[in-house]
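Asks: sequence and computational prediction follow.
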Amino acid sequence: MIKIKKDLIQKAKVKKSYAKIKAAEPITPSVYPAEPEAEVEEPQTQELHPERQAMLDAPREATPPPVQGRQTRRPAYFEKEKAFADEQKAAAEARRAEFERRDKEKKEKIEERERFRRAMAKARTGGKNGQRKLGKESKVLLEKVKRMVGA
């Protein structure tokens with residue numbers, strides 16, 4: 001693409017300079033019919049700048065040397081879509097992490113309730129003479145009160 005563009009620019013410059021030179025020549029109508037040009041050199045009326053002359057004389061296929069240290073960035077055709085997809089993935093990951101955290105808390109609470117229930121059931125069972133074990137029951141009740149006051 002760049003090569004084609006440079007080639008077109010080069011051709012346009014040549015045409016423009018040719019048009020200037022042709023416009024600068026005096027127009028003289030010929031009485032005789034046009035003859036095929038035989039090695040007739042016309043003197044140039046307008047001299048070209050040396051840089052322009054060098055540019056015109058240079059071969060068309062010559063390309064400028066590659067620039068060192070610069071890397072061209074590839075066009076990002078789907079940049080917006082990719083950003084949107086990344087956003088969606090991040091949101092889905094956040095929802096999943098929140099779900100896992102809540103599930104873990106729920107399981108911990110269920111396990112704590114079950115532990116408390118078993119401890120209370122064990123404390124309420126009768127001892128040797130059928131009386132309740134107040135020492136064990138009081139510890140369980142004290143933990144229950146601490147949780148209620150702390151929460």
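Replies: Nice, I can see it. Numbering: from 1, shown residues only.

Asks: let me know the pLDDT of the most centrally placed residue in the chain.
Replies: With distances taken as C-alpha atoms, centre = their mean, residue 79 lies nearest the centre of the chain, 5.4 Å away. pLDDT for residue 79: 88.

Asks: same question for residue 71.
Replies: 67.

Asks: could you do residue 102 as well?
Replies: So, for residue 102, pLDDT stands at 97.

Asks: how about the residue located most distally from the centre of the chain, secondary structure?
Replies: Relative to the centre of the chain, and counting by C-alpha atoms, centre = their mean, the farthest-placed residue is residue 129 at 78.2 Å. Three-state assignment for residue 129 (DSSP: H, G, I helix; E, B strand; the rest coil): coil.

Asks: any idea how far residue 80 is from residue 108?
Replies: Distance of residue 108 to residue 80, computed by C-beta to C-beta, to the nearest Å: 42 Å. The way it works is simple: take the backbone N, C-alpha and C, and place the C-beta from them, glycine included.

Asks: circling back to that earlier point, separation between the residue farthest from the centre of the chain and residue 135?
Replies: Taken as C-beta to C-beta, the span from residue 129 to residue 135 is 15 Å.

Asks: count of neighbours near the residue lying closest to residue 143 once chain neighbours are set aside?
Replies: In this structure, residue 143 finds its nearest non-sequential neighbour in residue 116, 7.3 Å apart by C-beta to C-beta, 6 or more residues apart in numbering. If you count neighbours by other C-beta atoms under 10 Å, residue 116 ends up with 14.

Asks: just residue 87 next, same as before
Replies: Residue 87 has 10 nearby residues by other C-beta under 10 Å.

Asks: contacts for stretch 6-19?
Replies: Applying C-beta atoms under 8 Å, 6 or more residues apart in numbering, the contact partners of stretch 6-19 are 48, 52, 55, 56, 60, 63.

Asks: identify the residues contacting residue 120.
Replies: By C-beta under 8 Å, 6+ apart, the neighbours of residue 120 are 137, 140.

Asks: which SS class is it?
Replies: helix.

Asks: what's the distance between it and residue 145?
Replies: For residue 120, the distance to residue 145 - C-beta to C-beta - is 13 Å.

Asks: on that earlier part again, just the element for the residue nearest to residue 143, please.
Replies: helix 79-124 (DSSP states H and E).
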